[in-house]
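*Asks:* Please find the sequence and the predicted model below.
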Amino acid sequence: MAAKKIIGYDVNKVREDFPVLTREVHPGVPLIYLDSAATSQKPKTVIKAMSAYYQDTNANIHRGIHKLAEEATYAYENARERIAAFINAPSSEELIFTRNTTESINLVAYSWGRAFLKAGDRILLTEMEHHSNLVPWQMLARELDLELDFIPVTPDGLLDLDIYEQQLKKGPKLLGITHMSNVLGTVNPLEQILLDAKSAGAVTLVDGAQAVPHFQVDISKLAADFYAFSAHKMCGPTGIGVLFGKKDLLEKMPPFLGGGEMIKRVELRSFKTNDLPHKFEAGTPAIAEAVGFGAAVDYLSELGMDQIERHERSLTGYAIEKLSQISDLHILGPDIEEKGGVVAFYIKDIHAHDVAQILDSEGIAVRAGHHCAQPLHTKFDLPATSRASLYLYNTREEVDRLIDGIHKVKNIFA
């Protein structure tokens with residue numbers, strides 16, 4: 001499939017913003033980074049924002065009345081407001097800072113799940129979920145004697161929505177679903193899926209870790225009660241993520257962690273919780289990381305999410321076109337029309353780890369393994385796959401280098 005030319009997006013100019021992309025990973029071998037689904041690289045603006053915070057403003061937040069504390073508090077809360085605006089959330093108080101998407105989902109499982117689920121209740125997930133949206137619910141199911149159901153994945157990497165409609169008739173209390181698969185690249189048609197779940201009486205939770213970095217997500221258009229994502233996959237720092245939650249649900253949920261900041265009043269035998277969002281942010285938070293997160297969404301907004309999406313779609317189409325021409329190479333997932341910038345593949349009779357190791361010798365960073373989606377690989381009878389994930393700083397020339405590297409792999413194993 002021929003890729004469309006992007007007008008108004010200068011990827012070479014964008015690359016100048018990312019210092020690591022100039023690195024040689026082996027003598028004379030430049031880095032080609034195709035592992036952004038695991039974690040993205042960071043632009044200078046994010047690095048500078050975090051450095052400036054530590055250099056000029058470092059203080060604890062919300063508790064002090066001195067100048068540094070006030071500046072740090074403003075920087076932290078202002079970042080929350082910018083992130084809320086980035087996803088068009090109704091209010092910044094509905095955004096809880098967590099460590100990552102995994103912690104966000106665990107927060108929902110432990111707080112909402114323990115408070116509102118009981119033995120025999122059903123949780124509906126999908127076969128394409130990351131372990132982060134499987135294991136917390138498995139743990140809760142064991143504890144509370146819950147039932148787990150799964151929307152099947154079709155051979156071409158889509159959800160079987162006919163079976164989904166049948167599963168909704170069983171009355172699940174929760175639908176947990178990924179917005180975009182980190183293996184298949186499948187972008188699920190969430191608007192209708194979530195509306196159907198709400199009509200069936202289910203609370204809805206979305207793993208948006210692979211979606212928010214790559215295309216515009218408008219929370220106001222989704223019937224999502226909870227939506228989770230991480231900074232580090234969207235040009236921001238590690239160690240911080242977000243849980244968006246509907247205010248009425250968050251107010252009814254018990255706190256996730258106890259300690260400082262999440263309280264209004266504490267006595268020896270009782271306490272009163274703080275207002276949202278602080279009710280769920282116990283202890284000193286990741287302040288510098290929040291500052292970096294805010295800088296990351298500013299950077300993405302300046303580039304334009306529509307421009308980023310078009311660039312990635314063009315590049316992914318080009319990659320699929322080139323990879324499809326290699327004999328014995330099989331790509332997982334749907335066609336480009338329903339796919340994001342994730343291309344997982346396997347080569348007949350060559351293990352994914354061998355592929356990744358040889359590609360690394362050429363400076364090409366890809367992922368190999370089950371990508372924290374082992375049940376999905378089991379479904380396709382695969383021990384592992386190689387995954388090239390594309391982002392806003394990747395180029396066609398890098399895709400060409402990947403193709404050359406794969407031919408080297410095949411020659412070695414011929």
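*Replies:* Thanks, I have it.

*Asks:* So residue 41 versus residue 313, what's the distance?
*Replies:* Counting by CB to CB, to the nearest Å, the gap from residue 41 to residue 313 is 20 Å. Backbone N, C-alpha and C define where each C-beta goes, glycine included.

*Asks:* And residue 172, by the same measure?
*Replies:* In terms of CB to CB, residue 172 sits 33 Å off from residue 313.

*Asks:* Need the residue closest to the centroid of the protein.
*Replies:* The residue lying closest to the centre of the chain (CA atoms, centre = their mean) is residue 209, at 1.2 Å.

*Asks:* Now do the helices in the protein.
*Replies:* 11-15, 44-52, 67-86, 101-107, 114-116, 135-144, 161-168, 190-199, 247-252, 287-303, 305-323, 352-361, 374-379, 396-412 (DSSP state H).

*Asks:* Same list, these, but as TSV with mean neighbour count please.
*Replies:* As requested, the helices of the chain are exported to TSV (neighbours: other CB atoms under 10 Å):
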stretch	mean neighbour count
helix 11-15	14
helix 44-52	17
helix 67-86	18
helix 101-107	25
helix 114-116	12
helix 135-144	16
helix 161-168	15
helix 190-199	17
helix 247-252	14
helix 287-303	23
helix 305-323	20
helix 352-361	18
helix 374-379	17
helix 396-412	17
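
*Asks:* So for residue 63, what's the pLDDT?
*Replies:* Looking at residue 63, its pLDDT reads 80.

*Asks:* wait, isn't it in contact with residue 69?
*Replies:* Yes - between residue 63 and residue 69 a contact is recorded at 6.8 Å, counting by CB atoms under 8 Å.

*Asks:* joint contacts of those two?
*Replies:* When contacts are counted by CB atoms under 8 Å, 6 or more residues apart in numbering, residue 63 and residue 69 have no shared neighbour.

*Asks:* ok so, going back, ok, the residue nearest to the centre of the chain - contacts?
*Replies:* Applying CB under 8 Å, 6+ apart, one finds that residue 209 lies in contact with 101, 130, 132, 178, 182, 228, 229, 230, 233.

*Asks:* Same list (those) but as JSON lines, adding pLDDT.
*Replies:* As requested, these are arranged in JSON lines below (pLDDT from 0 to 100):
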{"residue": "101", "pLDDT": "98"}
{"residue": "130", "pLDDT": "98"}
{"residue": "132", "pLDDT": "98"}
{"residue": "178", "pLDDT": "98"}
{"residue": "182", "pLDDT": "98"}
{"residue": "228", "pLDDT": "98"}
{"residue": "229", "pLDDT": "98"}
{"residue": "230", "pLDDT": "98"}
{"residue": "233", "pLDDT": "98"}
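
*Asks:* TSV for the helices of the chain, including distance to residue 94?
*Replies:* Converted to TSV, these look like this (distance: least, CB to CB, whole Å):
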stretch	distance to residue 94
helix 11-15	31
helix 44-52	24
helix 67-86	7
helix 101-107	13
helix 114-116	18
helix 135-144	21
helix 161-168	26
helix 190-199	17
helix 247-252	5
helix 287-303	16
helix 305-323	21
helix 352-361	40
helix 374-379	31
helix 396-412	38
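
*Asks:* looking at those, which is closest to residue 32?
*Replies:* Smallest distance to residue 32 across these (CB to CB): 4.7 Å, for helix 396-412.

*Asks:* now the closest one against helix 305-323, angle please.
*Replies:* Relative orientation of helix 396-412 versus helix 305-323 (axes from the mean of the first three to the mean of the last three CA atoms, to 10 degrees): 30 degrees.

*Asks:* what's in contact with helix 396-412?
*Replies:* 3, 32, 34, 315, 318-319, 322-323, 326-329, 347, 350, 354-355, 358-359, 362-364, 366, 388, 390.

*Asks:* picking that back up, closest to residue 413 out of the contacts of residue 209?
*Replies:* For these, the nearest to residue 413 is residue 182 (26.8 Å; CB to CB).

*Asks:* right, and residue 372 touches residue 182 too?
*Replies:* Yes - at 7.3 Å, residue 372 counts as touching residue 182 under the criterion of CB under 8 Å.

*Asks:* what's the overlap in contacts for these two?
*Replies:* With CB under 8 Å, 6+ apart as the test, residue 372 and residue 182 both reach residue 130.

*Asks:* Which one's more surrounded, those two?
*Replies:* Applying other CB atoms under 10 Å to residue 372 and residue 182 shows that residue 182 carries more neighbours, namely 27 against 17.

*Asks:* Next up, the contacts around the more buried one.
*Replies:* Contact analysis of residue 182 by CB under 8 Å, 6+ apart lists 37, 130, 209, 210, 342, 371, 372, 373.

*Asks:* any idea of the mean pLDDT for stretch 87-94?
*Replies:* Stretch 87-94 comes out at a mean pLDDT of 98.

*Asks:* er, stretch 370-382 I mean
*Replies:* Stretch 370-382 carries an average pLDDT of 98.

*Asks:* same check, this time on stretch 215-223
*Replies:* For stretch 215-223, the mean per-residue pLDDT is 97.

*Asks:* Quick check: which ranges of this structure have low pLDDT?
*Replies:* By pLDDT under 70, the low-scoring segments of the chain are 1-7.

*Asks:* if we go to 90?
*Replies:* 1-8, 63-64, 414 (pLDDT under 90).

*Asks:* Let me know the outermost residue of it.
*Replies:* Most peripheral residue of the chain (CA atoms, centre = their mean): residue 268, 40.3 Å.

*Asks:* Now do the contacts for it.
*Replies:* Applying CB under 8 Å, 6+ apart, no residues qualify as near residue 268.

*Asks:* Look up phi and psi at it.
*Replies:* Main-chain torsions, residue 268, degrees, to the nearest 10: phi -60, psi -30.

*Asks:* how close does it sit to residue 12?
*Replies:* According to CB to CB, residue 268 and residue 12 sit 63 Å apart.

*Asks:* what about residue 120, how many neighbours?
*Replies:* Neighbour count of residue 120, defined by other CB under 10 Å: 10.

*Asks:* What are the phi and psi values at it?
*Replies:* Taking degrees, to the nearest 10, you get phi 90, psi -10 for the backbone angles of residue 120.

*Asks:* ok now do it, which residues does it touch?
*Replies:* 145, 146, 147.

*Asks:* From residue 167, how far out is it?
*Replies:* Distance from residue 120 to residue 167, by CB to CB: 16 Å.

*Asks:* same deal with residue 106?
*Replies:* 24 Å.
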